[in-house]
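# predicted structure and sequence below. I'll ask about it afterward.
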Amino acid sequence: MVHERSSQPRLSPSSYEDDIRAVLAPRLAHFEAVARHEHVTRAAQELGVPQSTLSRAMVRLEQDLGVALFARKGRTVSLTPAGRTFLGSAERALAEVEKAADSVRADADPATGKVAFGFLHTMGSETVPALLRAFRADHPRVRFQLVQNYGEAMIERLRAGGLDLCLTSPVPDAPDLVARRLDEQRLRLVVPEDHRLATRRRIRLAEAADEKFVTLEPGYGLRRITDDLCAEAGFTPRVAFEGEEAETLRGLVAAGLGVALLPPPAVARPGVVELTVTAPRAAREIGVAWLDGHPDTPPVAAFKRFLLSRRGHLLPD
């Protein structure tokens, strides 16, 4: 094998950092095979490439690196100290590539693959556990990576590739997303049990215009709905506290800190009364969203079909 030594890397200093991965990545398996066999012909036979092609690839690799990796004697080669150092790193890199390939294949397996699924805090106590229990009855080995967060954070994570699907409210309307409405949940005005309105069963939201409200923080879908409903009722809510959990807000209502617009609780909480809001119509739509144009793995496709089949029956009775 002809070997032309170059004392300097062929890559220019300005392009070296950008180009080195593109240069090395396709050649690592070839280098590892030659180093393991210490023979170019046998390595070429294993790789299924012409011996001359493999020889030229190794010469080019050394020229690009500016370092001799092999000492040559005919078609037999042995590693130089630099070659031995490079081999260790190459083997670790190839092992990581193989590990990554195994991981993505496992995640896509129809029977045992993974679904990255996000959902709202208020869906976590009953709705999502019930959904997973029903789905896993037919798909017992599918794995779930669950993320519980507020709507905008989940949409950001969806766009970043960290989620396959998310259950959110309001149902998003964006050109890069596909969203489907699944159900609707009525909201109630929650007041302390000793409040002036606590003897009522129904109320127009405008009657609470002078009250202090405890709400979720800006960015939460329920906060946006609360602000919109109050605006429709003709007032801007006076916010006494902004939190992250609906049940925390319900507890603060019981403590007399204010009133809140909230979905029904999983378990009735003492110290509060929950009033039906007659005007404006107080409800939130709940839907599932995913990135438009992204292909689904078999387990993600199965779970998406399952969610869509629950239209109108998503929420526990």
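Ah, there it is. Residues are numbered from 1 along each chain as shown.

# against which helices or strands is the helix or strand harbouring residue 248 packed?
According to DSSP states H and E, residue 248 maps onto helix 246-254. Helix 246-254 sits against strand 188-192, strand 212-216, strand 238-243, strand 260-262, strand 272-279, with contacts defined as 3 or more CB pairs under 8 Å, 6 or more residues apart in numbering; DSSP states H and E. (Each C-beta comes from the backbone N, C-alpha and C, glycine too.)

# got the CA coordinates for it in CSV?
Presented in CSV, the C-alpha positions along helix 246-254 are these (Å, rounded to 0.1, in the frame of the first residue of the first chain):
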residue,chain,number,x,y,z
ALA,A,246,-55.0,23.7,40.7
GLU,A,247,-55.4,21.9,44.0
THR,A,248,-53.1,24.4,45.7
LEU,A,249,-55.4,27.1,44.5
ARG,A,250,-58.4,25.2,45.9
GLY,A,251,-56.7,25.0,49.2
LEU,A,252,-56.0,28.7,49.2
VAL,A,253,-59.6,29.4,48.4
ALA,A,254,-60.6,27.3,51.5
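
# in CSV, list the helices and strands packed on helix 246-254 along with distance to residue 131, mean neighbour count and mean pLDDT.
Compiled in CSV, the helices and strands packed on helix 246-254 are given as follows (distance: least, CB to CB, whole Å; neighbours: other CB atoms under 10 Å; pLDDT from 0 to 100):
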stretch, distance to residue 131, mean neighbour count, mean pLDDT
strand 188-192, 23, 23, 98
strand 212-216, 22, 22, 97
strand 238-243, 25, 15, 97
strand 260-262, 21, 26, 98
strand 272-279, 24, 18, 97
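
# out of the ones you listed, which is closest to residue 42?
Closest of the helices and strands packed on helix 246-254 to residue 42 is strand 212-216, at 66.3 Å (criterion: CB to CB).

# let's see the next helix or strand after that closest one as PDB, backbone CA atoms only.
Where DSSP H and E defines the elements, the next helix or strand beyond strand 212-216 is helix 221-232. Extracted C-alpha coordinates of helix 221-232, given in PDB (Å, rounded to 0.1, in the frame of the first residue of the first chain):
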ATOM      1  CA  GLY A 221     -53.800  27.500  29.600                       C
ATOM      2  CA  LEU A 222     -56.200  27.700  32.500                       C
ATOM      3  CA  ARG A 223     -54.900  31.200  33.400                       C
ATOM      4  CA  ARG A 224     -55.500  32.300  29.800                       C
ATOM      5  CA  ILE A 225     -59.100  30.900  30.000                       C
ATOM      6  CA  THR A 226     -59.700  32.600  33.300                       C
ATOM      7  CA  ASP A 227     -58.600  36.000  32.000                       C
ATOM      8  CA  ASP A 228     -60.600  35.600  28.800                       C
ATOM      9  CA  LEU A 229     -63.800  34.600  30.700                       C
ATOM     10  CA  CYS A 230     -63.500  37.500  33.100                       C
ATOM     11  CA  ALA A 231     -63.000  39.900  30.200                       C
ATOM     12  CA  GLU A 232     -66.100  38.400  28.600                       C
END
